[in-house]
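Chemist: Sequence and predicted structure below; questions after.
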Amino acid sequence: MASEKIIAEKEKQVKELAEEMKDAALVLLVDYRGITVESDTQLRRDVRKTNASYHVIKNNITRRALAENKIEGIADELIEGPTAVIIAKDEYLPALKAVYKFAKANDYYKIKVGVIDGKVTSEEELITLAKLPSKEELIAKLAGCLLANVSKLAATLDAVRVKKESESAE
């Protein structure tokens, strides 16, 4: 039987993880089986750049933290084997894109399941979201479209002005 000290430490870990998951934009569970130390270090750096955290923690602690946040609907088999937890507080897309990019380049690294704003999200849905253009890319495209339309409008207005000037000169 586990000592009181070990039980207290595990309860503390559950509480800390549950608190971090609370109100998180994204909780992502991934299978990191086969990752090298070098790749793991790089992935952690990439995840931190997106203002997210990366945890390798026991599955029972993960299960209990999810339960404490009343997150249900994640199949038990998805929380088996080597499972890392990525948590993004503010925006879910940057962290999801970083993990997807890494998983795409490394066949052994698998996205299992995620929770976006409290809703359990399948691997397929997560990958679909990760493939979407970023907010900055969408804004740039919108600005390009607006700029092109403003240029056309300016050219049209100038043509109308020239035509009116030539008509009034006659």
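Modeler: Perfect, I can see it now.

Chemist: for the host helix or strand of Ile6, packing partners?
Modeler: Secondary structure assigned from DSSP states H and E places Ile6 in helix 4-21. Other elements packing on helix 4-21 under the criterion 3 or more CB pairs under 8 Å, 6 or more residues apart in numbering; DSSP states H and E are helix 59-68, strand 83-88. All C-beta atoms are positioned from the backbone trio N, CA, C, and that covers glycine.

Chemist: other SSEs contacting the helix or strand following that helix?
Modeler: The helix or strand immediately downstream of helix 4-21 is strand 26-31, counting by DSSP H and E. Applying 3+ CB pairs under 8 Å, 6+ apart, one finds that strand 26-31 makes contact with strand 83-88, helix 93-105, strand 110-116.

Chemist: could I get the ones you listed as CSV with mean pLDDT, distance to Val30 and mean neighbour count?
Modeler: Formatted as CSV, the entries for the helices and strands packed on strand 26-31 read as follows, by pLDDT from 0 to 100; distance: least, CB to CB, whole Å; neighbours: other CB atoms under 10 Å:
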stretch, mean pLDDT, distance to Val30, mean neighbour count
strand 83-88, 96, 5, 23
helix 93-105, 95, 6, 20
strand 110-116, 96, 5, 21
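
Chemist: could you redo those as CSV and give each row distance to Arg44?
Modeler: As requested, these are arranged in CSV below (distance: least, CB to CB, whole Å):
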stretch, distance to Arg44
strand 83-88, 10
helix 93-105, 10
strand 110-116, 16
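
Chemist: Quick check: buried residues in the biggest helix by length in the chain?
Modeler: Longest helix in the chain by number of residues (criterion: DSSP state H): helix 135-169. By neighbour count on 16 or more other CB atoms under 10 Å, the buried set for helix 135-169 is empty.

Chemist: Also stretch 124-136?
Modeler: In terms of neighbour count (16+ other CB under 10 Å), stretch 124-136 has its buried residues at 126, 129-130.

Chemist: Out of those residues, the closest to Cys145 would be?
Modeler: Top of the list for closeness to Cys145, among these and by CB to CB, is Leu129 at 23.1 Å.

Chemist: Run through the protein and note the low-pLDDT ranges.
Modeler: Residues of the chain meeting the criterion pLDDT under 70: 1, 170.

Chemist: And it, what are its domain boundaries?
Modeler: For the chain, the structural domains run 4-132, 133-170, going by automatic domain parsing.
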